[in-house]
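Undergrad: sequence? don't have it. structure:
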Ligand SMILES: O=C(O)c1ccc(O)c(O)c1
Ligand SMILES: [Mg+2]
């Protein structure tokens, strides 16, 4: 289907908006009046600029406060409208949006509204223009789609149809099934927007918090199904008023927008994409640092061995059971000078198919080989720049990223066993694998990152949660496979948290955190100190054996429980931008210890600033 985007959804000048829309593969745009008024380009130049970019101007908008007004006022409204019809001829736009009046002059009289819209349509028709009448959720007398449609039907003019906007319809809780009763050819335009579910004034909600389909809480798949079954033949157009998108890079927002529409068309059965390939595990996480020694010391204390070295690059593979970490010191030219998490390898049943889907969803695909002699690997860049590899680890039928590594002799020679990358049996208190990867997102990319992880990586979103920090608020949302074999937690921090303190972390799974913490401390590792107050509260909240609480207090282990299981965890000190978490997840515990996160954030501030 044809895809379109309203210029109000993108940042920048009109030219920048058009370029971004075209770059993301949109077929058309809705031009917002203000974008035209503020543009130095004449309407004919806008038209040819759009044409050169392969974009149609699918809608011009809006005409406001037109209908159901006293005769004299309507005369003035018609003159104003005719002015815009002439402009639209120059623009090459043939559909104009009229939103339901919010004017105090408007009267509650459907017959008058229908008569005046009929007269407006008759004038528009002379210019070859169609009127699409839309009910604003806060319209003075007309605020539901069925009401707008009743008026359009009563007006009975071929140049008059209705515009459906998913936000206005779903925000008011209208039943979208009634859309199927509208003849498809009388739906002149379809605007799509999602929004987080919020209890607030609907105008403020609409003007500030709309987002792209799949980023909010509305069921747009069902909604679109009704519109398509009605026989709507026009474009799917995104009209998203969003404070963050107004500031973000237009080219990236446009790609995020197009990705959301492709996902929506897939879920509504209107288009197909290469099938999703859910990952089955975390193959590795890659850390970049100019100086390997500080992180190597922590990894040794955590029980990791330096198991292999890259054949051609300064990259070491550290491993313990299924936890594999790459430490890359070729990073001096990287944007980060401090230790940072730069790549994640996801074990994929079919790396090539995962990459095909990623490409169809406009993810930036990275070169398959970083160097001519490297094994070919499928990888894409996440919105925050993290490289995500689709991996097959040591599977005979596929190239393996481990092919680029040469096993190193074990530190304590084991004559019977040759050097190997396999290590299925961790010692008691050892690390078993990677429980989750936690990535901090730039503040303006949280919704984009969420859609990316769901659509491109095939992960299921969990609830968004707020976490209090002494100096602001974090918003965090985890994405996971159904079986929990891959968990990625995204967080966006307070504006005051500058980039250097936006830490990322790797949570390492163990079956025995008490032994793991003791071994780490005995090996010279340092855990983040946890205040005594925390443990007093723990005793009040949970009926844990007092001896356990004493042990947790001694070691700095925190505890949480949900209806399915228990969670115990502790954190290392931060090196550069990265810290490690030891995690013991028992039963079916689904969370990440969120109730304990404020304690961590306060302790990390204290460690950094001595306060
Ligand atoms: O907020 C508004 O004024 C406004 C204008 C035009 C639209 O299509 C819309 O959905 C909202
Ligand atoms: Mg609208």
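TA: Thanks, I have it. Since the model is a prediction, treat every value here as computed from it, not as a measurement. Numbers count the residues shown, from 1 in each chain. Ligands and ions are numbered 1, 2, ... in the order given.
Undergrad: Tell me the residues on the stretch 151-300 of the chain that lie near ligand 1, please.
TA: Residues of the stretch 151-300 of the chain lying close to ligand 1 by Cβ under 6 Å from any ligand atom are 165, 191, 206-207, 239. For the C-beta atoms, the positions are set from N, CA and C on the backbone; glycine is no exception.
Undergrad: give me that answer again for 5 Å
TA: The stretch 151-300 of the chain has residues residue 165 near ligand 1, with proximity defined as Cβ under 5 Å from any ligand atom.
Undergrad: And the residue of the stretch 151-300 of the chain closest to ligand 1?
TA: Distances between the stretch 151-300 of the chain and ligand 1 by Cβ to the nearest ligand atom are smallest at residue 165, namely 4.7 Å.
Undergrad: could you say which helix or strand contains the residue lying closest to that residue once chain neighbours are set aside?
TA: In space, and not counting its chain neighbours, residue 165 is closest to residue 191: 4.1 Å by Cβ to Cβ, 6 or more residues apart in numbering. If you go by DSSP states H and E, residue 191 is part of strand 187-192.
Undergrad: Also residue 474?
TA: strand 472-480.
Undergrad: can you give me the helices in the stretch 101-250 of the chain?
TA: 110-126, 145-155, 166-171, 202-209, 220-229, 250-267 (DSSP state H, counting those that start in this stretch).
Undergrad: Same question for the stretch 301-450 of the chain.
TA: Counting by DSSP H, counting those that start in this stretch, the helices of the stretch 301-450 of the chain are 351-360, 446-455.
Undergrad: among those, which is nearest residue 495?
TA: Closest approach to residue 495 among the helices of the stretch 301-450 of the chain is made by helix 446-455 (12.8 Å; Cβ to Cβ).
Undergrad: Contact partners for residue 270?
TA: Listed by Cβ atoms under 8 Å, 6 or more residues apart in numbering, the contact partners of residue 270 are 1, 224, 228.
Undergrad: In space, not sequence, find me the middle residue of this protein.
TA: Centroid-nearest residue in the chain, with Cα atoms, centre = their mean: residue 450, separated by 2.3 Å.
Undergrad: pretty sure that residue contacts residue 477?
TA: Yes - at 6.0 Å, residue 450 counts as touching residue 477 under the criterion of Cβ atoms under 8 Å.
Undergrad: Tell me the residues that contact both of those two, please.
TA: With Cβ under 8 Å, 6+ apart, residue 450 and residue 477 have common neighbours 461, 490.
Undergrad: sorry, back to before: any idea which of the helices of the stretch 101-250 of the chain is most buried?
TA: helix 166-171 (a mean of 24; mean count of other Cβ atoms under 10 Å).
Undergrad: Give the other helices and strands that that helix contacts.
TA: Contacts defined by 3 or more Cβ pairs under 8 Å, 6 or more residues apart in numbering; DSSP states H and E place helix 166-171 against strand 187-192, helix 202-209, helix 220-229.
Undergrad: and of the ones you listed, who's closest to residue 27?
TA: Per Cβ to Cβ, nearest to residue 27 of the helices and strands packed on helix 166-171: strand 187-192, 13.6 Å.
Undergrad: quick revisit: got the contact list for the residue nearest to the centre of the chain?
TA: Contacts of residue 450 by Cβ under 8 Å, 6+ apart are 215, 461, 477, 479, 490.
Undergrad: can we see that at 7 Å?
TA: For residue 450, the contacting residues are 215, 461, 477, 490, by Cβ atoms under 7 Å, 6 or more residues apart in numbering.
Undergrad: Go through those and say which is closest to ligand 1.
TA: If you rank the contacts of residue 450 by distance to ligand 1 using Cβ to the nearest ligand atom, residue 215 comes first, at 17.2 Å.
Undergrad: Just give the nearest non-adjacent residue to the closest one, would you?
TA: residue 447 (4.4 Å).
Undergrad: Read off the pLDDT value for the one you found.
TA: Listed pLDDT for residue 447 reads 94.
Undergrad: now swap in residue 204 and tell me
TA: For residue 204, pLDDT reads 98.
Undergrad: and what of the one 4 residues further on?
TA: pLDDT, the model's per-residue confidence, is 98 for residue 208.
Undergrad: before we move on, the earlier item: is the strand holding residue 191 anywhere near ligand 2?
TA: Yes - Strand 187-192 lies within reach of ligand 2 by Cβ under 5 Å from the ion, at residue 191.
Undergrad: what helices or strands is that strand leaning on?
TA: strand 95-99, strand 130-134, strand 160-165, helix 220-229, strand 236-238 (3 or more Cβ pairs under 7 Å, 6 or more residues apart in numbering; DSSP states H and E).
Undergrad: What are the contacting residues of the longest one?
TA: Right, the one you point to is helix 220-229. 164, 166, 170, 176-177, 179-180, 187, 190, 192, 194, 213, 264, 267-268, 270.
Undergrad: and residue 5, what helix or strand is that in?
TA: Assigned by DSSP H and E, residue 5 falls in strand 3-6.
Undergrad: average model confidence for the helix or strand just after that strand?
TA: Taking DSSP H and E as the definition, the helix or strand that follows strand 3-6 towards the C-terminus is helix 14-23. The average pLDDT within helix 14-23 is 98.
Undergrad: I would like the residues contacting helix 14-23, please.
TA: Outside helix 14-23, the residues that touch it by Cβ under 7 Å, 6+ apart are 5, 7, 10, 29, 35-36, 39, 41, 46, 49-50, 53-55, 250-251, 254.
Undergrad: do stretch 353-364 as well
TA: For stretch 353-364, using Cβ under 7 Å, 6+ apart, the contacting residues are 24, 255, 258-259, 262, 273-274, 276-277, 348, 365, 378, 380-381, 390, 452, 455-456.
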